[in-house]
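Chemist: take this sequence and fold it.
(one chain, ligands or ions: 1)
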Amino acid sequence: MKDDAMSTGELTMTATQAGAGAGGADDGPIATARGLVKVYGRGQTQVRALDEVDVDLGRGELTAIMGPSGSGKSTLMHCLAGLDKPTDGTVVVDGEVVSAMSERQLTRLRRTRIGFIFQAFNLVPTLTALENITLPLDIARRPVDRAYLDAVVEAVGLADRLTHKPSELSGGQQQRVACARALVSRPSVVFADEPTGNLDSTSSGEVLGFLRRSVDELGQSVVMVTHDPAAASWAHRVLFLADGRLVGEIVDPTQSAVLDALGELSARGAGRRRAAAADAGAKR
Ligand SMILES: Nc1ncnc2c1ncn2[C@@H]1O[C@H](COP(=O)(O)OP(=O)(O)OP(=O)(O)O)[C@@H](O)[C@H]1O
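Modeler: Purely as a prediction, here's the structure:
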């Protein structure tokens with residue numbers, strides 16, 4: 001564990017830094033962004049949500065994305081996952097150039113190559129836990145790999161809850177069903193947006209433990225946006241965004257190292273806002 005591993009200043013991460021996953025030809029990062037720009041709106045209301053982001057996300061790693069509110073975390077994840085189109089730059093997921101895809105290709109990519117976990121569990125209330133887990137495969141008319149399903153159900157600790165409806169499960173159990181659903185189709189990468197945002201600390205630990213095991217034991221690659229330093233400490237690597245730029249990372253994070261890094265970012269932001277206010281005052 002490294003308490004002092006926060007790299008400050010602008011970063012350009014390389015494939016060798018990030019690619020700690022499986023061996024052979026699949027040794028490269030699971031997802032990369034180069035020169036990623038996302039601009040919302042125009043004129044005076046224009047927001048540059050992502051400002052030339054270069055990043056490699058490790059294959060077979062759990063990566064957390066953190067940063068102050070409005071720093072561009074969700075925008076980055078949505079652009080990486082093909083949910084949003086970048087204004088400029090390139091996104092590649094598992095060898096496929098996502099940023100060049102048509103809407104139809106993006107729909108296919110999201111259905112077949114990417115798993116999603118959201119803060120709201122988004123389970124179908126009328127289906128059992130098992131039916132919810134296999135739903136993406138059923139919709140895609142793909143066969144269920146029984147052995148892998150069993151491995152996922154075992155890892156998520158839901159074997160005795162499979163016939164229950166979501167309303168008969170705790171929040172943590174529901175989110176574990178959502179995790180199993182994201183994993184059962186063996187996606188190239190799972191994107192999780194605040195997966196523990198609605199959970200108490202015990203349930204959060206169960207979900208994060210599962211996400212980490214899905215990486216360590218099932219070889220999955222997971223990218224998670226979180227505000228919670230405790231959640232981020234489960235990751236192999238934490239990336240920090242500020243004002244749409246990647247400004248630092250911690251490898252093998254501890255909760256206290258993440259807290260320190262967030263404190264530093266917040267102090268930097270306050271300093272910048274003071275300087276901008278003084279600048280604006282001087283011009284008046
Ligand atoms: N659809 C949109 N239209 C206009 N501006 C947007 C849109 N989505 C995001 N933004 C703006 O882009 C910037 C980055 O937003 P984003 O949601 O990516 O930040 P975030 O770091 O995920 O924030 P939070 O932690 O509060 O969820 C913010 O200034 C936000 O207001």
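
Chemist: SS state for the closest residue to Ser201 other than its chain neighbours?
Modeler: When the adjacent residues along the chain are set aside, Ser201 lies closest to Ala230, with 7.2 Å between them (CB to CB, 6 or more residues apart in numbering). Placement of C-beta: from N, CA and C, glycine included. Secondary structure, DSSP: H, G, I helix; E, B strand; the rest coil: Ala230 is helix.

Chemist: in this structure Ala230 contacts Ser204, no?
Modeler: Yes - between Ala230 and Ser204 there is a contact at 7.2 Å, judged by CB atoms under 8 Å.

Chemist: quick revisit: what's the burial count for the residue nearest to Ser201?
Modeler: Residues within reach of Ala230, counting by other CB atoms under 10 Å, total 15.

Chemist: next one: it from the ligand, what distance?
Modeler: 16 Å (CB to the nearest ligand atom, to the nearest Å).

Chemist: how near is that residue to Thr63?
Modeler: Using CB to CB, to the nearest Å, we find Ala230 at a distance of 16 Å from Thr63.

Chemist: now do the strands in the stretch 51-200 of the chain.
Modeler: Along the stretch 51-200 of the chain, the segments classed as strands by DSSP state E, counting those that start in this stretch run 62-66, 88-93, 96-97, 114-117, 189-193.

Chemist: dump the ones you listed to a markdown table, plus distance to Asp200, mean pLDDT and mean neighbour count.
Modeler: Below are the strands of the stretch 51-200 of the chain laid out as a markdown table (distance: least, CB to CB, whole Å; pLDDT from 0 to 100; neighbours: other CB atoms under 10 Å):
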| stretch | distance to Asp200 | mean pLDDT | mean neighbour count |
| --- | --- | --- | --- |
| strand 62-66 | 19 | 97 | 27 |
| strand 88-93 | 33 | 96 | 19 |
| strand 96-97 | 38 | 94 | 14 |
| strand 114-117 | 17 | 94 | 23 |
| strand 189-193 | 18 | 95 | 24 |
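
Chemist: tabulate these (TSV), appending distance to Glu217.
Modeler: Formatted as TSV, the strands of the stretch 51-200 of the chain follow (distance: least, CB to CB, whole Å):
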stretch	distance to Glu217
strand 62-66	12
strand 88-93	22
strand 96-97	26
strand 114-117	16
strand 189-193	14
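
Chemist: of those strands, which is nearest Gly248?
Modeler: Smallest distance to Gly248 across the strands of the stretch 51-200 of the chain (CB to CB): 9.5 Å, for strand 62-66.

Chemist: that closest one near the ligand at all?
Modeler: No - Strand 62-66 lies out of reach of the ligand by CB under 6 Å from any ligand atom, never closer than 8.4 Å.

Chemist: who are the packing partners of that strand?
Modeler: With contacts taken as 3 or more CB pairs under 8 Å, 6 or more residues apart in numbering; DSSP states H and E, strand 62-66 sits against helix 73-80, helix 201-216, strand 222-225, helix 229-232, strand 237-242, helix 255-283.

Chemist: swap the cut-off to 7 Å and go again
Modeler: helix 73-80, helix 201-216, strand 222-225, helix 229-232, strand 237-242 (3 or more CB pairs under 7 Å, 6 or more residues apart in numbering; DSSP states H and E).

Chemist: by mean pLDDT, show me the worst of the ones you listed.
Modeler: Ranked on mean pLDDT, the bottom entry among those is helix 201-216, at a mean of 91.

Chemist: which parts of that one are buried?
Modeler: Buried positions in helix 201-216, judged by neighbour count with 16 or more other CB atoms under 10 Å: Ser203, Ser204, Gly205, Glu206, Val207, Leu208, Phe210, Leu211, Arg212, Ser214, Val215.

Chemist: from Ser233, how far out is the third one?
Modeler: Counting by CB to CB, the separation of Gly205 from Ser233 is 11 Å.

Chemist: what is the burial count for Arg272?
Modeler: By the other CB under 10 Å criterion, the neighbourhood of Arg272 contains 12 residues.
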